[in-house]
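S.K.: fold the stuff below for me.
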Amino acid sequence: SASSVSLSSSTPIALTKNAPVLTVNANPTSICNGASSTLTASGANNYSWSHSLGSGSSKTVAPSATTTYTVTGTLANGCSSTASITVTVNPLPTVSATAIPGVICNGASSTLTASSTISGTTYSWNTGGTGSSITVTPTTGTNTYTVTGTTSAGCVGTATVSVTVNPLPTVSATAIPGVI
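M.R.: From the prediction side, this is the model:
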């Protein structure tokens, strides 16, 4: 037999309002210091962000350190919920370069060496060379070389180094007397 429930006008009825199911994304979620990420929220009618970002479904941020952002989404019925997303900030490498020797005679070579404050940095030189050390043999003047260091997180730093080439002396010999 079927059960039935009889309600009188004095029987309280509980109504449930549903809270929004928020989705929040960061593009990208990992950035290099100085870069930006776009935060996007969906699933509600109105959005309010932490860190004084204000309202709106999309915000562009450029934190200097890893930061977790929280968004509160509110439906038209007044119900709200929150969601969070973390933007990871990776440091930029400080790249330096040396030339040994820094001054050479025409025909000699110099070894250029790069280093970084972040281990695992890979290097590429404006000569087309790769690796932390390369050898160059410029022929005249002062030559400037640029090295780009890239970390495993894709963050980039650059450095320059110069090598100056001194010309070889012109030597002439004269015999006096010219005939013996």
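S.K.: quick one, phi/psi of the residue nearest the centre of the chain?
M.R.: If you average the C-alpha coordinates of the chain and look for the closest C-alpha using C-alpha atoms, centre = their mean, you land on residue 32, 2.1 Å from that point. Backbone torsions of residue 32, given as degrees, to the nearest 10, read phi -90, psi 150.
S.K.: what distance do you get for it to residue 160?
M.R.: Relative to residue 160, residue 32 is positioned 20 Å away (criterion: C-beta to C-beta, to the nearest Å). No exception for glycine: its C-beta is placed from N, CA and C like everyone else's.
S.K.: just residue 72 next, same as before
M.R.: For residue 72, the distance to residue 160 equals 48 Å [C-beta to C-beta].
S.K.: between the two, which one's more packed in?
M.R.: Neighbours per residue, other C-beta atoms under 10 Å: of residue 72 and residue 160, the larger number sits with residue 72, 18 against 12.
S.K.: what's near enough to touch the residue nearest to the centre of the chain?
M.R.: With C-beta atoms under 8 Å, 6 or more residues apart in numbering as the criterion, the residues that contact residue 32 are 89, 90, 91, 92, 153, 154, 155, 156.
S.K.: can you rerun that using 10 Å?
M.R.: When contacts are counted by C-beta atoms under 10 Å, 6 or more residues apart in numbering, residue 32 is found next to 89, 90, 91, 92, 93, 151, 153, 154, 155, 156, 157.
S.K.: now swap in residue 158 and tell me
M.R.: So residue 158 contacts 93, 95, 97, 114, 126, 146, 147, 148, 149 (C-beta under 10 Å, 6+ apart).
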